[in-house]
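**Student:** what would the 3D arrangement of this be:
(one chain, ligands or ions: 3)
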Amino acid sequence: MLLKGVQLLRNGLVAPPKSYNFRLVCRALSVQYGDGKALTPAVRDYVDKCVNLCQPERVHICDGTQAESKLLQSLMLKQGTIQPLPKYDNCWLARTNPADVARVESKTFICTERKEQTVPVTAKGTPGTLGNWISEKDLQAAIGERFPGCMKGRTMYVIPFSMGPVGSPLSKIGIEITDSPYVVESMKIMTRAGTPVLQVLEKGDGQFVKCLHSVGNPANGVHAHKSWPCDPERTIILHKPAENEIVSYGSGYGGNSLLGKKCFALRIGSTIAKREGWLAEHMLILGITNPQGKKIYVAAAFPSACGKTNLAMMTPTLPGYKVECVGDDIAWMKFDSQGVLRAINPENGFFGVAPGTSTETNPIAMNTIFKNTVFTNVAGTSDGGVYWEGMNEAQIKDVTVTDWLGKLWSKESGKPAAHPNSRFCTPASQCPIIDPAWEDSAGVPISAILFGGRRPTGVPLVYEARDWEHGVFIGAAMRSEATAAAEHKAKEIMHDPFAMRPFFGYNFGDYLAHWLSMEKRGQLPKIFHVNWFRKSAEGKFLWPGFGDNSRVLDWVFRRVQGENCYEESPIGRLPSKDALNVAGLKGNIDLKQLFELPKEFWQQEVNEIEQYFETQVGDHLPRPVAKQLAELKKRVANM
Ligand code: GTP
Ligand code: SPV
Ligand code: MN
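**Tutor:** Ligands and ions are numbered 1, 2, ... in the order given. Now for the predicted structure:
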């Protein structure tokens with residue numbers, strides 16, 4: 001297909017016409033910042049193709065320095081994208097277009113030759129919910145309708161970045177091309193970005209993931225919101241795993257635009273992991289030391305806005321315990337030559353949910369985020385600070401508050417001051433409990449994996465899988481209340497297998513088979529399911545959560561050490577009587593209600609899972625997972 005001077009070739013999303021010559025463009029185009037010569041030939045070629053397609057006025061090759069940050073901050077100040085927060089040190093507040101506030105799952109696509117490489121074949125008449133497939137032809141058309149000339153008159157930024165420590169054998173490199181200085185500054189926090197990455201590319205195999213991003217052309221008049229250009233109606237996020245390529249258009253927000261995160265580390269990452277025999281997961285990683293001084297590492301998959309950041313930085317209420325943070329959102333895990341499952345956090349920062357973060361719930365986050373941080377869609381205060389729901393209200397006693405929409409706010413309005421998906425973007429290295437091994441290129445050994453979600457009824461505080469196969473089934477059967485992290489209706493209980501529903505890079509059935517295949521690779525961590533969110537009939541949380549979740553980690557720890565502190569139940573292993581350490585727990589905690597397994601609920605749950613597997617996964621469901629469901633069904637019938 002020929003698109004206004006740009007030919008999009010089959011073996012890549014973005015390719016120039018055959019007659020195209022890089023040196024010609026270089027002469028015509030001013031490299032406004034950075035050193036074009038530092039680019040490897042393959043990177044230059046990619047930049048060149050993007051220049052040809054997007055037709056920017058200038059190119060800025062990011063070096064990752066502080067001087068560069070100063071420059072971009074003053075540019076964003078001038079454009080009104082950010083405002084300073086003088087109450088803190090080098091902190092900024094960005095307010096987005098209210099139409100661009102979260103990930104858009106319905107506009108996120110994976111392109112493979114055959115549809116079932118991306119998604120399972122669903123039952124007749126059932127729309128799939130495990131990802132969206134797009135054909136090559138439609139993908140080319142989508143790019144052709146959006147990208148030609150989209151950066152006219154503006155600057156194209158080239159961000160070399162590493163997921164994982166620069167130069168580590170487990171790390172992978174990406175090049176993100178964007179027209180958003182906000183994305184540049186955020187990527188410099190969330191990844192290791194800048195010139196050193198180019199040096200590694202030069203010395204290594206030269207492989208990188210191609211990431212093209214544009215907010216769209218403000219000159220087209222589609223941007224009502226001057227300081228936050230975006231094109232919400234035409235937003236689209238495209239992935240081509242076979243080419244290690246990502247193209248994202250129209251949104252500047254989070255996972256839509258910081259392409260190292262969900263697009264690369266999870267969607268493309270999971271396809272690379274499948275090929276290479278490892279796992280790329282939506283998981284936090286933490287280290288926990290018990291009162292005897294023994295330390296283990298735990299990974300946990302909870303859906304978006306369901307408590308990963310909080311658990312990863314937890315301050316245990318149980319005396320003698322210490323938690324240290326390796327990562328809060330993504331884990332790359334691989335068995336080493338000794339058969340030990342080792343995990344690295346490919347990220348360099350936290351893009352964490354602001355509302356609910358306070359000195360009571362997450363003091364460690366509060367001690368991390370008030371320097372070198374970009375806040376997005378939180379409220380601002382007249383003393384140059386920030387505010388959100390759940391933060392100590394004493395903060396706003398003598399000041400006026402401007403809400404995330406830029407309007408003067410009062411509590412009486414009944415509206416939230418901060419958007420429920422407002423976030424802080426902050427360097428991981430600033431976390432006071434960052435684990436000493438968080439940048440260890442060998443990764444940390446994982447002894448336990450937790451799955452969890454927001455389950456207001458029926459699901460106990462914690463239970464343990466009977467074995468690996470049962471654990472894989474538990475991951476596959478995960479459900480959780482929808483949150484503001486994506487465009488779904490809040491409160492609806494949705495299936496979110498492995499907390500990966502929005503992030504699978506390939507067919508979920510094949511993903512399950514891949515997880516099952518880990519069984520022969522090495523020593524398997526124990527698998528658990530946790531639920532901090534069970535509610536009483538009055539709608540109150542039954543469990544205090546946060547630091548008291550250390551009581552659940554204590555049980556997990558003891559189970560990992562082989563302590564016989566469990567009893568069997570139809571759904572899995574529960575803490576035996578008195579095995580959960582509740583000493584010193586404040587308030588009246590109704591443990592009976594917290595662990596109750598109502599037969600009717602579990603019958604419905606089993607039917608729902610059965611229905612889901614049948615209609616959504618169909619023939620792609622591996623037999624061992626179907627067998628696990630059948631066995632659970634039998635046990636529940638005999639409850
Ligand atoms: P993503 O960054 O979207 O992947 O989310 P996340 O899983 O890191 O979620 P996060 O830890 O930021 O938690 C989101 C919300 O859940 C916040 O408002 C927290 O206050 C709340 N939360 C976290 N842990 C608990 C808990 O143990 N109990 C209760 N009741 N709420 C919690
Ligand atoms: C999530 O939604 O799981 C996030 C935030 O971690 S975002 O990066 O926007 O995807
Ligand atoms: Mn996440």
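
**Student:** give me the element the nearest residue to residue 485 once chain neighbours are set aside is part of.
**Tutor:** Residue nearest to residue 485 in three dimensions, not counting chain neighbours: residue 304, with 3.4 Å by C-beta to C-beta, 6 or more residues apart in numbering. Just so you know, the C-beta spots here come from the backbone N, C-alpha and C atoms, and that holds for glycine as well. Using DSSP states H and E, residue 304 maps to neither a helix nor a strand.

**Student:** do the same with residue 270
**Tutor:** Here residue 270 is covered by helix 269-276, with elements defined by DSSP H and E.

**Student:** please see if the very next helix or strand once past that helix touches ligand 1.
**Tutor:** Following the chain from helix 269-276 toward its C-terminal end, the next helix or strand by DSSP H and E is strand 279-281. No. Contact of strand 279-281 with ligand 1 (C-beta under 6 Å from any ligand atom) is absent, the minimum separation being 11.7 Å.

**Student:** direction included, what does strand 279-281 pair against?
**Tutor:** In the sheet containing strand 279-281, the strands it pairs with under DSSP bridges are strand 331-335 (antiparallel).

**Student:** picking up where we left off before, and the helix holding residue 270, what does it pack onto?
**Tutor:** Under the contact definition 3 or more C-beta pairs under 8 Å, 6 or more residues apart in numbering; DSSP states H and E, helix 269-276 sits against strand 279-281, helix 508-517.

**Student:** tell me what the residue in the stretch 101-250 of the chain positioned nearest to ligand 2 is bridged to.
**Tutor:** Of all residues in the stretch 101-250 of the chain, the one sitting closest to ligand 2 is residue 103 (4.6 Å; C-beta to the nearest ligand atom). Residues in a beta bridge with residue 103, per DSSP bridges, are residue 486.

**Student:** that one touches residue 262, doesn't it?
**Tutor:** Yes. Contact criterion C-beta atoms under 8 Å: residue 103 and residue 262 qualify, at 7.0 Å.

**Student:** quickly list what's touching both of these two.
**Tutor:** Between them, residue 103 and residue 262 share these contacting residues under C-beta atoms under 8 Å, 6 or more residues apart in numbering: 255, 502.

**Student:** and the residue nearest to residue 485, what is it in contact with?
**Tutor:** Taking C-beta under 8 Å, 6+ apart as the contact definition, residue 304 lies against 103, 282, 483, 485, 486, 499, 502.

**Student:** for those residues, which one is nearest ligand 1?
**Tutor:** Out of these, the member with the shortest distance to ligand 1 (by C-beta to the nearest ligand atom) is residue 485, at 4.3 Å.

**Student:** contacting residues for that closest one?
**Tutor:** Taking C-beta under 8 Å, 6+ apart, we find residue 485 in contact with 102, 103, 303, 304, 305, 353, 421.

**Student:** now restrict those residues to buried residues only.
**Tutor:** Judged by neighbour count, with 16 or more other C-beta atoms under 10 Å as the criterion, the buried members of the contacts of residue 485 are 102, 103, 303, 304, 305, 353, 421.

**Student:** can you measure across stretch 244-263, start residue to end residue?
**Tutor:** Looking at stretch 244-263, the gap from its leading to its trailing residue is 10 Å under the measure C-alpha to C-alpha, to the nearest Å.

**Student:** on that earlier part again, chain center to the helix holding residue 270: distance?
**Tutor:** For helix 269-276, the distance between its averaged C-alpha position and the chain's averaged C-alpha position is 17 Å (C-alpha atoms, centre = their mean, to the nearest Å).
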